[in-house]
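Enquirer: Pasting the sequence and the predicted coordinates here, then a few questions.
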Amino acid sequence: MAILILCAAGKGKRLGKDLPKALVPIKNKPIFYYSLKNVFSSKVKKVIIAAPKGWEDVFKTSLKKHFNKKELVKVSYIISGGKERQDSVYKGLVKIYDENFKNNPIILVHNAANIFAKKSDFNKVIEGVKKDCACAVALPSVDTLRKLGKNFKILKKLEREKIWRTQTPQGARLSVLMKAFKKAKKENFIGTDELELISRLGEKVKIIPGTKLNFKITFKQDFLKAKALINLGNSHF
């Protein structure tokens, strides 16, 4: 079984909006609608949404408004997210562990702000976890990259061929993720994503080529780009 934790607790301050980022509308539907649409048509069987504290009922109402009963059955819980993304994921893992630890299911973590992830992205990560320890979708860098020091001094040029930009979804077995998150919690370590935490265990991780459209909505320019793509009738929708 594959269970997905949707990280939707971001405040969206960098978008300049009063609403939490995942609730900001695009074409009369909240951002998290688009991130979930392809999840529901994938091999994912259950979904846990980590929402901003105090906004859980708003998410519940929005789900009922925009999704049908068949899709809603997959949403097991809406939980209160934590201060950091890592805190939100850990709370979701604990919820899953309490009910499913014996089965050691595949867990996917996905940002609500990555609204263009394809159904195939979720399915490829699920299949990747079955064969390896952990994996995520990512893209090779197409830009020339340089490491900078103090006062923007160029220290060296990086080998572009070896640099990949990691996206979500990311996934691993529940037991591996719990071990990685507990280690990070014990050591007060905050990572940027799940693969980083798993790598600290010395476990094997794998990258799966992703898609160029799977960018994360972070800044206003990202939001405007996403809005334009949806208004143009992107093939995802």
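Expert: Received, thanks.
Enquirer: need the longest strand for the chain.
Expert: As assigned by DSSP state E, the longest strand anywhere in the chain is strand 164-173.
Enquirer: Off-centre distance for that one?
Expert: 8 Å (Cα atoms, centre = their mean, to the nearest Å).
Enquirer: Against which helices or strands is the helix or strand following that strand packed?
Expert: Per DSSP states H and E, the first helix or strand lying C-terminal to strand 164-173 is helix 174-186. With contacts taken as 3 or more Cβ pairs under 8 Å, 6 or more residues apart in numbering; DSSP states H and E, helix 174-186 sits against helix 85-100, strand 106-111, helix 194-199. Any C-beta I mention is one placed from the backbone N, CA and C, and that applies to glycine too.
Enquirer: I'd like to check what contacts helix 174-186. Which residues are they?
Expert: The contact list for helix 174-186 (Cβ atoms under 8 Å, 6 or more residues apart in numbering) reads 86, 89-90, 93, 96-97, 100-101, 104-107, 133-134, 172, 189-191, 194, 197-198, 200-201, 203.
Enquirer: How about stretch 132-151?
Expert: For stretch 132-151, the external contacting residues (Cβ under 8 Å, 6+ apart) are 117, 121, 124-125, 128-129, 154-158, 160-161, 163-173, 176, 193-195, 198, 203-212, 214.
Enquirer: would you put the C-alpha positions of that stretch in PDB?
Expert: The C-alpha trace of stretch 132-151 is given here as PDB (Å, rounded to 0.1, in the frame of the first residue of the first chain):
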ATOM      1  CA  ASP A 132      15.300   0.400  -3.700                       C
ATOM      2  CA  CYS A 133      15.300   2.100  -0.300                       C
ATOM      3  CA  ALA A 134      14.100   5.600  -1.100                       C
ATOM      4  CA  CYS A 135      13.700   7.700  -4.200                       C
ATOM      5  CA  ALA A 136      12.500  11.000  -5.600                       C
ATOM      6  CA  VAL A 137      11.900  12.700  -8.900                       C
ATOM      7  CA  ALA A 138      14.500  15.300  -9.900                       C
ATOM      8  CA  LEU A 139      15.800  17.200 -12.900                       C
ATOM      9  CA  PRO A 140      19.400  17.700 -14.100                       C
ATOM     10  CA  SER A 141      20.500  21.300 -14.000                       C
ATOM     11  CA  VAL A 142      20.700  23.100 -17.300                       C
ATOM     12  CA  ASP A 143      22.400  26.200 -15.900                       C
ATOM     13  CA  THR A 144      26.100  26.800 -15.200                       C
ATOM     14  CA  LEU A 145      26.500  26.600 -11.500                       C
ATOM     15  CA  ARG A 146      29.200  28.300  -9.300                       C
ATOM     16  CA  LYS A 147      29.900  28.000  -5.600                       C
ATOM     17  CA  LEU A 148      30.300  31.500  -4.000                       C
ATOM     18  CA  GLY A 149      32.100  32.600  -0.900                       C
ATOM     19  CA  LYS A 150      32.000  35.800   1.100                       C
ATOM     20  CA  ASN A 151      31.000  39.000  -0.800                       C
END
